[in-house]
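J.: only geometry, no sequence info:
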C-alpha cells in the first residue's frame, strides 16, 4: 500500500505533511486576505509631491520612532482617530507601519495637525511640544525634494501594479515636463500656508524643499 | 472488604488528613468559603474514589484468568481478545463527533471572535458609562475633565498653559490680538456659519480700524471708539455677538467653541483642523469651561 512506502521515506512524508497543512492554511488565510487587501472605496494613490514627501519620511527615518498603524483599542482611537484598515495601505509601497512608538502614531496626523504646525515643529520640536526629544530637521528647509524620482516611482507602480494614476503618467521626459507644473502648484499651496520666506521664494523659483513635500505627505495621512 | 482495600483507604485517609492539616496551618477557614469547601470536597472524593478503583483493578489483576475469543491477528505472538468497545468510551467519541459538527458549521461561524467586535462593544459600554456618569457633572468635574482633554488634544499646538506658544497658535489667555482683529477687518471672515452670515472685508479702514483693533484687543475696556458702531450692528454693543448671532469678541462662549471645534479655523496665525466627532457633547462642554477659565 502507498502509506507503507510513505512511512519508509521520511522526506516525502514530511513534504506530504507540509502540503496538507499549507492547503488548510491557504483555504483559511487567502480568502480573508484577498478581501481585506482591496483598496477602500475612493482611495486615491498619493500625488507626486506626496510621494516625494514619503521618500523624505523614509530617508530621514521617521519610521524608527513613529508608527502608522492605529490599533482597535479605545485608548488609541481616542488619541489618534479611527483604527486603521488594511485597505488603506494598498497603494503604499512599502507601507510604513513601523514597530516602535518613541513618538506618536502618524497614520491620521493630517486630521489634527496643519501645515503651519508642521513648519514650526520640524524647525524646533521642543519649542512646540515641551519635553519632546525629537530632533530638529532644519536641513529639510534647505535640501530639495526629488520630485523627478517620485514621478518615476508613480509611473513604475502604475505600469507594474496597475496603481490608478491617470493616463498622463508616462515614462517620458515630455510627460514629466507636462506634469511638473501640477506638482509645483501643489507645493505652492503648501508654501502659501507657511511663514518661512526662503521656502516661499524657493517654491516660486520652481524648487521644492524637502519640508514642503514632507508636509504634503503628512497632510495626506488621514 | 479485603486487606488491600483497608490499606488503600488508610492511605487515602492519611492524604486527606495531611491536606487538611496543611490548609489549616495556612490559616484558611475551609468551611468559611463556598469555593474552598467545594474544592476540599472534590479532593476527598478523588482520594476515596482512587483508593477503590485502584484496589478493584489490582484485585482483578491478581485473580482474573483469560477468557473469551481471541482476535485473528496477533503481534509477535501477543494476541487480543475480541472485547466490546467500552460504552463510555464510545459515547464520549460520539459526543465529540457531534460537537465538532456543531462547532464547525454553527458554533464558530455564528459566534467567531472578532477584534473589531470586541472594540465596538468596549467603546459602546464605555461611552454609555461615561455619559451616565457625567450627565449632571458639576463645574469642578468639568474643569478637571476639560484640562485633561486640553492637554491631550489642544496643548500640542496651543501650549500647556494655553498661551499659544508666542504667536504660533491662538492665545487663550486673551480673546484676540490687535493683529488678528486687523486681519479680520481687512480680509473679512465667513468660516463658521453664524446666522449673521459673512463679514465683508473693509468694514473699517485706516485709523478707524486701528482704533477698533486696540479696543477689541484690550478686552473691550476703556473708551469705546465711535467707529465700533460698524461692528456693533452684528457683534452687539458689548461685542458679545448678540446671543450667538455673530462671533463673540469678548469671550470664548459655547457657540464659538462648538463652531470652531466643528469646522476648524483659518486665520492670520495659521490653520486649525476640525475636531468634529472627536469629542462627546459632555467633553465639548468641559472644553468650553476650561478654555473660559484660562482667560479669566
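T.: Structure received. This is a predicted model, so every value here is computed, not measured.

J.: For the residue nearest to residue A:117 when sequence neighbours are not counted, give me the pLDDT.
T.: Spatial nearest neighbour of residue A:117, excluding adjacent residues (Cβ to Cβ, 6 or more residues apart in numbering or on different chains): residue B:157 at 5.6 Å. (Each C-beta comes from the backbone N, C-alpha and C, glycine too.) With respect to pLDDT, residue B:157 scores 88.

J.: And for residue B:200?
T.: The score at residue B:200 is 89. That number is its pLDDT.

J.: can you check residue A:1 too?
T.: pLDDT at residue A:1 comes out at 69.

J.: Which residue is the nearest non-sequential neighbour of the residue in chain A positioned nearest to chain B?
T.: Using Cβ to the nearest Cβ, residue A:116 is the residue of chain A that sits closest to chain B, at 3.1 Å. The shortest distance from residue A:116 to any non-neighbouring residue, by Cβ to Cβ, 6+ apart, is to residue B:270 (3.1 Å).

J.: can you tell me which residues contact the one you found?
T.: Neighbour list for residue B:270: A:114, A:115, A:116, A:117, A:193, B:168, B:169 [criterion: Cβ atoms under 8 Å, 6 or more residues apart in numbering or on different chains].

J.: gap between the residue nearest to residue A:117 and residue B:180?
T.: Computed as Cβ to Cβ, to the nearest Å, the residue B:157 to residue B:180 distance reads 16 Å.

J.: And residue A:13, by the same measure?
T.: Residue A:13 is 79 Å from residue B:180, where distance means Cβ to Cβ.

J.: And for residue B:226?
T.: 22 Å.

J.: neighbour count winner among the two?
T.: A direct count of neighbours by other Cβ atoms under 10 Å in any protein chain shown for residue B:226 and residue B:180 places residue B:180 higher, at 19 against 9.

J.: residues touching residue A:120, list them.
T.: For residue A:120, the contact set (Cβ under 8 Å, 6+ apart) comprises A:127, A:128, B:165, B:168.

J.: and those, which are buried?
T.: A:128, B:165, B:168 (16 or more other Cβ atoms under 10 Å in any protein chain shown).

J.: The first one and residue B:165 touch, don't they?
T.: Translated: residue A:128. Yes - taking Cβ atoms under 8 Å as the definition, residue A:128 is a contact partner of residue B:165 at 6.2 Å.

J.: Just the closest residue of chain B to chain A, please.
T.: Relative to chain A, the nearest point of chain B is residue B:270 (3.1 Å; Cβ to the nearest Cβ).

J.: For residue B:113, grab the count of nearby residues.
T.: Neighbour count for residue B:113, taken as other Cβ under 10 Å: 7.

J.: go on, residue B:258?
T.: Neighbours of residue B:258 (other Cβ under 10 Å): 18.

J.: same question, residue B:132
T.: 9.

J.: Could you pull out the helices in the stretch 101-250 of chain B for me?
T.: Listed in chain order, the helices of the stretch 101-250 of chain B (DSSP state H, counting those that start in this stretch) span B:108-110, B:115-133, B:139-149, B:155-158, B:164-167, B:178-187, B:206-217, B:229-235, B:241-244.

J.: Give me whichever of those helices is most buried.
T.: Most buried of those, by mean neighbour count (mean count of other Cβ atoms under 10 Å in any protein chain shown): helix B:155-158, with a mean of 21.

J.: Contacts made by it with the rest, please.
T.: In contact with helix B:155-158 (Cβ under 8 Å, 6+ apart) are residues A:113, A:117, A:128-129, B:150, B:164-165, B:168-172, B:272.

J.: Kindly recompute the last result at 7 Å.
T.: A:117, A:129, B:164, B:169, B:170, B:172 (Cβ atoms under 7 Å, 6 or more residues apart in numbering or on different chains).
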